[in-house]
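*Asks:* starting from these lines, generate the structure:
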Amino acid sequence: MELRQLRYFVRVVELGSMSRAAMELNMVQSALSQQISRLESELSTRLLQRTSKGTVPTEAGIAFFHEAQLTLRHADQAIQAAQKARLSGAVSIGLSPTIASVLGLPLMQAMRERYPAVHLHMVSALSGHLASLLNARQLDLAILFDAQGARRWSVMPLLEEKLFLIQSRHKPVCKPTPAKTLADLESVPLILPSCSHGLRNAIVTAARQSGVQLDIALEIDGLPLLMEAVKAGMGATVQPWSAVKLHPDAEAHFQWSEICHTEVRRPATLCSLSEDELSPAALAARVVLLDCVRQLVGSGAWAGATLVG
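*Replies:* Modelled structure (predicted):
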């Protein structure tokens, strides 16, 4: 059970409407309903019921509502006490360029708001490089796409992103369609990162398992240069939606097709130093990062992403 689930439940009861609560919480209604269902499953009892007058609590829900309100008041008091203590220190966080394009600014704003005395060091680099920095203890936290190189890391599955075949709008290398299968990629010249990066490994593994031979025309370890090569019509790439978001006027330069294959997803994992190595500032930053990710995915602001777990 999580505090955010208690907050969601309390707000639904207070407003008497799932849709109004979702709007106020800046969430899609289906995501809010899913969280309430998980809470009910954990408690093994029905908390809410729909009536002609709206969404109302059951008897169990009323009892739980009062206790949840008390718990949230205590949690808010604890948060205020922690903030008054002015948590300080430094924390280094690594994000890939695509992840940073969606999460970077909200995370920095949330950290400044909650922990203004914490010095935040942000690093944007490809996943393979971030893994090396984490192993070298030069980062406290990082969102990675391949956690196989973990050395005493704390590893937490975070989300999965749909992948898209992205190509130049003016110099396409294959016929534009709304969706592509893995088989459709077989004759497409691809521009991908090198083998040390998790995205490349996920794509190649899925293709191999489906008996598809990929044509990797170029390897580029740097997203801005990679996307410039795609824009110039030197090949297509396979990336999440967030890669397109990095570019101004993306729709004028690129076109993309969703890859319809259940195994072609980019899993993102939150990795950190082991629990005993993380400072209080790093532990606090990890909580803030998780909150930001859940809010972005739940509100639909992170297109193509779904939370894991």
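*Asks:* send the alpha carbons of stretch 52-71 over as PDB?
*Replies:* Taking Å, rounded to 0.1, in the frame of the first residue of the first chain, the C-alpha atoms of stretch 52-71 are listed here in PDB:
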ATOM      1  CA  SER A  52     -27.000   7.200  -9.400                       C
ATOM      2  CA  LYS A  53     -25.600   9.900  -7.100                       C
ATOM      3  CA  GLY A  54     -22.000   9.200  -8.000                       C
ATOM      4  CA  THR A  55     -19.200   7.200  -6.400                       C
ATOM      5  CA  VAL A  56     -19.700   6.500  -2.700                       C
ATOM      6  CA  PRO A  57     -17.800   4.500  -0.100                       C
ATOM      7  CA  THR A  58     -19.000   1.200   1.200                       C
ATOM      8  CA  GLU A  59     -19.200   0.600   5.000                       C
ATOM      9  CA  ALA A  60     -15.600  -0.700   4.800                       C
ATOM     10  CA  GLY A  61     -14.700   2.300   2.700                       C
ATOM     11  CA  ILE A  62     -16.100   4.700   5.300                       C
ATOM     12  CA  ALA A  63     -14.000   3.100   8.000                       C
ATOM     13  CA  PHE A  64     -11.000   3.100   5.800                       C
ATOM     14  CA  PHE A  65     -11.600   6.700   4.700                       C
ATOM     15  CA  HIS A  66     -11.300   8.000   8.300                       C
ATOM     16  CA  GLU A  67      -8.100   6.100   9.000                       C
ATOM     17  CA  ALA A  68      -6.600   7.100   5.700                       C
ATOM     18  CA  GLN A  69      -7.300  10.800   6.400                       C
ATOM     19  CA  LEU A  70      -5.500  10.400   9.800                       C
ATOM     20  CA  THR A  71      -2.500   8.600   8.100                       C
END
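*Asks:* so how far is that stretch from its chain's centroid?
*Replies:* 31 Å (Cα atoms, centre = their mean, to the nearest Å).
*Asks:* again, but for stretch 251-258
*Replies:* So, by Cα atoms, centre = their mean, the centroid of stretch 251-258 is 22 Å from its chain's centroid.
*Asks:* could you shift the numbering so residue one becomes 5, and keep it that way?
*Replies:* Will do, 5 is the new start, and the previous item becomes stretch 255-262.
*Asks:* can you give me the mean pLDDT across that stretch?
*Replies:* The average pLDDT within stretch 255-262 is 88.
*Asks:* so which bits of it are buried?
*Replies:* H257, F258, Q259, W260, S261, E262 (16 or more other Cβ atoms under 10 Å). Where C-beta positions appear, they are placed from N, C-alpha and C, glycine not excepted.
*Asks:* nearest to A129, of those?
*Replies:* F258 (22.6 Å; Cβ to Cβ).
*Asks:* hmm, L169 and that closest one touching each other?
*Replies:* No. Between F258 and L169 there is no contact under Cβ atoms under 8 Å: 10.5 Å.
*Asks:* what segments of the stretch 155-304 of the chain are helices?
*Replies:* Ranges of helices within the stretch 155-304 of the chain are 202-213, 227-235, 245-249, 254-257, 284-302, based on DSSP state H, counting those that start in this stretch.
*Asks:* so what's the gap between the helix or strand following the last one and the chain middle?
*Replies:* Using DSSP states H and E, the helix or strand that directly follows helix 284-302 along the chain is strand 309-311. Using Cα atoms, centre = their mean, the mean C-alpha position of strand 309-311 is found 6 Å from that of the whole chain.
*Asks:* would you mark the buried spots in strand 309-311?
*Replies:* Neighbour count says strand 309-311 has A309, L311 buried, by 16+ other Cβ under 10 Å.
*Asks:* and that strand, which strands flank it?
*Replies:* strand 158-172 (antiparallel) (DSSP bridges).
*Asks:* check which residues of the strand it pairs with are buried.
*Replies:* So, applying 16+ other Cβ under 10 Å, buried residues of strand 158-172: S158, L162, L163, E164, E165, K166, L167, F168, L169, I170, Q171, S172.
*Asks:* now do the contacts for the first one.
*Replies:* With Cβ atoms under 8 Å, 6 or more residues apart in numbering as the criterion, the residues that contact S158 are C275, S276, L277, S278, E279, L282.
*Asks:* report pLDDT for the third one.
*Replies:* L277 is assigned 86 on the pLDDT scale.
*Asks:* find the nearest non-adjacent residue to it, please.
*Replies:* Distances taken as Cβ to Cβ, 6 or more residues apart in numbering place D144 nearest to L277, at 5.9 Å, with adjacent residues excluded.
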